[in-house]
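Engineer: Sequence plus the predicted model coming up.
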Amino acid sequence: MAPRKRSGRGLSFIFCCFRSSDHPEITYRLRNDSSFALQTMEPTLPMPPVEELDVMFTELVDELDLTDKHREAMFALPAEKKWQIYCSKKKDQEENKGATSWPEFYIDQLNSMAAVSISPTLWFVTRFIDLDGLSCILNFLKSMDYETAESRIHTSLIGCIKALMNNSLGRAHVLAHSESINVIAQSLSTENIKTKVAVLEIMGAVCLVPGGHKKVLEAMLHYQKYASERTRFQTLINDLDKSTGRYRDEVSLKTAIMSFINAVLSQGAGESLDFRLHLRYEFLMLGIQPVIDKLREHENSTLDRHLDFFEMLRNEDELEFAKRFELVHIDTKSATQMFELTRKRLTHTEAYPHFMSILHHCLQMPYKRSSNTVQYWLLLDRIVQQIVIQSDKGQDPDATPLENFNIKNVVRMLVNENEVKQWKEQAEKMRKEHTELQQKLEKKERECDAKAQEKEEMMQTLNKMKEKLEKESSEHKQVKQQVADLTAQLHEMSRVRPQTFSPLWPNPNPLCLVGGGPPPPPGPPPLDGVMPPPGAPLGLALKKKSIPQPKNALKSFNWSKLPEVSTVWTDIDDTKVFKILDLEDLERTFSAYQRQQVTAGPGVSGAAHLPMPQANRGSETTWPGGASLWLVFQQGLGTCTQTSRHKVKELSVIDGRRAQNCNILLSRLKLSNDEIKRAILTMDEQEDLPKDMLEQLLKFVPEKGDIDLLEEHKHELDRMAKADRFLFEMSRINHYQQRLQSLYFKKKFAERVAEVKPKVEAIRAGSKAVLQSSSLQQLLEVVLAFGNYMNKGQRGNAFGFKISSLNKIADTKSSIDKNITLLHYLITVVEKKYPKVLHLHEELRDIPQAAKVNMTELEKEINTLRSGLRAVETELDFQKSQVQQTGDKFVAVVSQFITLASFSFSDVEDLLTEAKELFSKAVKHFGEDTDKMQPDEFFGIFDQFLQAVTEAKQENENMRRRKEEEERRARMEAQLKEQRERERKARKAKESGEEGGEFDDLVSALRSGEVFDKDLSKLKRNRKRIANQLADSGRERPVTKLNF
């Protein structure tokens, strides 16, 4: 950064001083703060007219951003001195017309990790704010490393913020920023004393600015979390007590800390006694009083001035607080005295019972040493703190211990507790009514949903049946026409007597019918022991390919070769790939004899074998009862309960545990026996029986032994227990168990079809994807070229390879870097040479779902549906042969269901047949055995390969990012190295820069203690009165000696 140009005198310009009623003299101030009068300066240019001079001088004063008092004094100067000041200032500005006079320069420097120190004018501040320069400084402070945090750059950045706050506009901008004070507070973690002092001075001065006090407290709470402090202000007390051995720096830091503490305690909401006591207690609990006694040993007047103010303000506050209890002093270290004062204050008041309740429950609080125990007391402490310091308007002057906790609102709620209780009772009543209405509404919604679903399924089935009927009608017409044509031909031929016998169809070759002659001789044995798939010609020899040979031996690619048969490899020509590949790079990367190079930094981890995804083996879904419609629990015959001494009121003849479980089911069902009976006869038209309840009802079908016992006691129906009566009434329904099973199958049919159909569609879509994917075929071609180039002997000159070899590509490691595999290299080549192959994942998006399907399990599920449908048809035939009872709708409902379900099931069977054909075609297309290969294994190979490709692509991307980051860091280090000299000059310019503005004056007053002069004088005047009161009280309390 280019330093600001200075005059040969090395002095800083001070435009005026306002010490008397006379016109101020233009002075220069040296670094040691000595001043001397400026010699008369003769302007080189003639003075313009007074009106023009006033306009020019007004612009200059506006740029200086002076207070109203100083502006008046400036405008009161004579015209000659105005012109002299204007010429001097403009001359200095002309000397500094370099790049450093523009805020863009500093923002660029900050973005490139450089530091800047400025003394801004109003125009500069406005431009700096518009370009968001403050965010650049804050972002740099948040992201700097340890070395930068301990360097002068850190101090200069804090100086930039301080200089920006010298201007009223800049100060408002800093205070309005959401995290500026928090970021400044983070700089307290540095060991650089100058930086710490600058931060404490800024934060202490912010306490004196309206609205800044709470921001500082919140910033210290933020720093507590940032620095992992046990309590707030802990770092400050540690620094106050720590000895560095460097007297000047140590006194400077401890003076800054004490001035900050005094500003926190006396400004903002600190004007309230309760709030001052609250904040001071934090410092006293951290042990500040012994540290203050120790600081007296430094015998520094400025430091002693801050210590005096702290102790005198404390004495004044404690005396005023003690007056509330008609005392002179309260020992806040004595738990007994504080308890007695509280008890006396609350005795014979309405609050006393609540006070006793608090004490009683405090005794019940957990006292074991654990992390949770401390948190309970911390919660109680924070609640009491917030009650004390929160204002009547619900505003918290300190950072809120508990968020969204408004004391006034809580108290108002307690006052209206009786009304709340009544409203609660009414709300509970309305909640019960709402629950009942909600249950009724849900029941009606279930009925509507079931009807709507049945209607939708029926319409879909009717449309499909209509299409199928039209198709079959068309085919029937065509066949009928063909039969008519053939009949006419036969009739015509029967009239004409042919001279030679010529049948309509020639006889087939008898050799073809028998078997076509002897089989051909067997061909030569296959290479590598790989047998060709069924139907492949055995006598064909492999064609010799024109494969370029590497100069040196390469690492081999462990693949499984395929014989030359009609598969996907027939259309693949890997010889043209050799013209595109960089074979020298491939040979260099995977050379068998090349020594491994040690690479700097972490490499990309090799793509390990990914586990083959297992098929989604869902549990076998069986329909209750199977084809035989038999599902009962094999339990022993319940015996009658023995007669005891006490008379039994209810009659129960079934097993006790079975009866208990049945009662639980009926209580959950919340239906009477008549309602259950009606639901079963009507096939649950009103949706009263959910599917899970039906499944439970199937477990409590009356057994033959139960029915016999219940029939013997049917004349005692009124005395029967609830479970016995339920089983008795259900046994009166004709084919109760079969009806229940049919109803359960009807309700579960659509759900089971919805589970099976996506699996079939997944196999179908996956098979189409691998058959039609052009990206996959191109990728196989490149892999084949790699393998033929790298492999020699029996492994080389391959016509194709098994698809399982795809997952072995990552096994071949690079000879340069073992973290790089052949898969990483393959992806790099594909991205450069074959960008269309990158669409592989889109073309094979159906593969992951297909890899989860197990064909055996899928066929079991379909067979279960088929057998269940046949069982329902059998029961329907039986019910048709019986006399229908009143209200029995089994035949009507089930007949309609069978029509729709049969067509839906036939649709699933057709889809399964098509999926099997496509899958078999896909397996043959890749040269695999259709009898051994299952969908989960076949598609699982592709799924595992796709996952490995994704991981390898991400690893390649990470490698590229690391390389770019290293290059970027190297460039930034070079830039920083070039700018170090300019930064040094910039820091030097800051040290010899112009005197600060009003914020600097505020910091200086805070540093020297002048800001507390008024309060300190008041406290000194009251000191004698305090001492007299202490003497009269007769109580012994040591008063800290103060230095005046």
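Structural biologist: Sure, I can see it.

Engineer: What ranges does the stretch 901-1044 of the chain have for its helices?
Structural biologist: Assigned by DSSP state H, counting those that start in this stretch, the stretch 901-1044 of the chain shows helices spanning 935-991, 998-1008, 1013-1033.

Engineer: tell me, which of the ones you listed is the model least confident about?
Structural biologist: Among these, helix 1013-1033 carries the lowest mean pLDDT, at a mean of 56.

Engineer: ranges for the helices of the stretch 151-300 of the chain?
Structural biologist: Secondary structure of the stretch 151-300 of the chain (DSSP H, counting those that start in this stretch): helices at 152-165, 168-176, 180-186, 193-208, 213-226, 234-241, 247-266, 273-285, 288-295.

Engineer: From the contact counts, what lies against the longest one?
Structural biologist: If I follow you right, that is helix 247-266. In terms of contacts (3 or more Cβ pairs under 8 Å, 6 or more residues apart in numbering; DSSP states H and E), helix 247-266 is packed against helix 193-208, helix 213-226, helix 234-241, helix 273-285, helix 288-295, helix 301-323, helix 998-1008. No exception for glycine: its C-beta is placed from N, CA and C like everyone else's.

Engineer: Could you list every helix and strand in contact with the first one?
Structural biologist: What that stands for is helix 193-208. helix 152-165, helix 180-186, helix 213-226, helix 247-266, helix 998-1008.

Engineer: swap the cut-off to 10 Å and go again
Structural biologist: Using 3 or more Cβ pairs under 10 Å, 6 or more residues apart in numbering; DSSP states H and E as the contact test, the elements touching helix 193-208 are helix 152-165, helix 168-176, helix 180-186, helix 213-226, helix 234-241, helix 247-266, helix 998-1008.

Engineer: got the angle for that helix vs helix 213-226?
Structural biologist: Here helix 193-208 points in a direction 140 degrees away from that of helix 213-226 (axes from the mean of the first three to the mean of the last three Cα atoms, to 10 degrees).

Engineer: How far does helix 193-208 sit from its chain's centre?
Structural biologist: 37 Å (Cα atoms, centre = their mean, to the nearest Å).

Engineer: and the angle from it to helix 152-165?
Structural biologist: Using the same axes, to 10 degrees, helix 193-208 lies at 20 degrees relative to helix 152-165.

Engineer: among the helices and strands packed on helix 193-208, which is nearest Met790?
Structural biologist: Checking those against Met790 by Cβ to Cβ gives helix 152-165 as the closest, at 54.4 Å.

Engineer: model confidence over that closest one, on average?
Structural biologist: On average, helix 152-165 scores 86.

Engineer: What helices and strands are in contact with the longest helix belonging to the chain?
Structural biologist: In the chain, with assignment by DSSP state H, the single longest helix is helix 417-495. Counting contacts by 3+ Cβ pairs under 10 Å, 6+ apart, helix 417-495 is packed against helix 407-415, helix 736-772, helix 890-925.

Engineer: try 6 Å this time
Structural biologist: Applying 3 or more Cβ pairs under 6 Å, 6 or more residues apart in numbering; DSSP states H and E, we find helix 417-495 packed against helix 890-925.

Engineer: what bits of the stretch 51-200 of the chain have low per-residue confidence?
Structural biologist: 65, 91-120 (pLDDT under 70).

Engineer: one step back: the longest helix of the chain: how far from the chain's middle?
Structural biologist: With Cα atoms, centre = their mean as the basis, helix 417-495 stands 42 Å off its chain's centre.

Engineer: closest one to Lys889 among the helices of the stretch 151-300 of the chain?
Structural biologist: With Cβ to Cβ as the criterion, Lys889 lies closest to helix 213-226 of those, at 70.1 Å.

Engineer: quick one: buried residues of that closest one?
Structural biologist: Buried residues in helix 213-226, counting neighbours by 16 or more other Cβ atoms under 10 Å, are found at His213, Lys214, Lys215, Val216, Leu217, Glu218, Ala219, Met220, Leu221, His222, Tyr223, Gln224.

Engineer: Same question for stretch 746-760.
Structural biologist: Within stretch 746-760, the residues scored as buried using 16+ other Cβ under 10 Å are Lys746, Lys747, Lys748, Phe749, Ala750, Arg752, Val753, Val756, Lys759, Val760.

Engineer: of those, closest to Pro49?
Structural biologist: Taking these together and measuring to Pro49 by Cβ to Cβ, the closest member is Lys759, at 97.0 Å.

Engineer: Who's the closest spatial neighbour of that closest one, skipping the chain neighbours?
Structural biologist: Spatial nearest neighbour of Lys759, chain neighbours left out: Val853 (4.7 Å); criterion: Cβ to Cβ, 6 or more residues apart in numbering.

Engineer: Now do the SS call for that neighbour.
Structural biologist: For Val853, the assignment made with DSSP: H, G, I helix; E, B strand; the rest coil gives coil.

Engineer: Tell me how far Leu277 lies from Ala256.
Structural biologist: Separation of Leu277 from Ala256 (Cβ to Cβ, to the nearest Å) stands at 24 Å.

Engineer: so what pLDDT did Thr400 get?
Structural biologist: Value for Thr400, per-residue pLDDT: 55.

Engineer: Could you export the buried residues of helix 213-226 as TSV, including pLDDT?
Structural biologist: Shown next, in TSV, are these (pLDDT from 0 to 100):
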residue	pLDDT
His213	85
Lys214	85
Lys215	88
Val216	90
Leu217	88
Glu218	88
Ala219	90
Met220	90
Leu221	89
His222	90
Tyr223	91
Gln224	89
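
Engineer: Farthest-apart pair in those residues, please.
Structural biologist: Distances among the buried residues of helix 213-226 were taken as Cβ to Cβ; the most separated pair is His213 and Gln224, at 17.3 Å.

Engineer: For Val291, see how far away the closest residue to Lys294 other than its chain neighbours is.
Structural biologist: Of all residues not flanking Lys294 in the chain, Asp241 sits nearest, at 7.1 Å (Cβ to Cβ, 6+ apart). Distance, Asp241 to Val291, using Cβ to Cβ: 5 Å.

Engineer: Between those two, which has more neighbouring residues?
Structural biologist: Taking neighbours as other Cβ atoms under 10 Å, Asp241 and Val291 compare with Val291 leading, 19 against 16.

Engineer: what sits against the more buried one?
Structural biologist: When contacts are counted by Cβ atoms under 6 Å, 6 or more residues apart in numbering, Val291 touches Leu240, Asp241.

Engineer: Which one of the buried residues of stretch 746-760 is nearest to Phe999?
Structural biologist: Using Cβ to Cβ, Lys759 comes nearest to Phe999 of the buried residues of stretch 746-760, at 73.6 Å.

Engineer: Double-check that closest one against Leu858; I have them as touching.
Structural biologist: Yes. Using Cβ atoms under 6 Å, Lys759 is in contact with Leu858, at 5.4 Å.

Engineer: Give the burial count for Met465, as a bare number.
Structural biologist: 13.

Engineer: so what pLDDT did it get?
Structural biologist: pLDDT for Met465: 74.

Engineer: I'd like to know how far it sits from Leu490.
Structural biologist: 36 Å.

Engineer: hmm, back to that, neighbour count: Leu277 and Ala256, which is higher?
Structural biologist: When Leu277 and Ala256 are compared for neighbours, Ala256 comes out ahead with 26 against 19, by other Cβ under 10 Å.

Engineer: What ranges does the stretch 551-700 of the chain have for its helices?
Structural biologist: With helices called from DSSP H, counting those that start in this stretch, the stretch 551-700 of the chain shows them at 583-589, 656-669, 673-681, 691-697.

Engineer: Give me the neighbour count for the residue nearest to Lys924 when sequence neighbours are not counted.
Structural biologist: Using Cβ to Cβ, 6+ apart and skipping the chain neighbours, the partner closest in space to Lys924 is Thr930 (6.2 Å). The number of residues packed near Thr930 is 15, by other Cβ under 10 Å.
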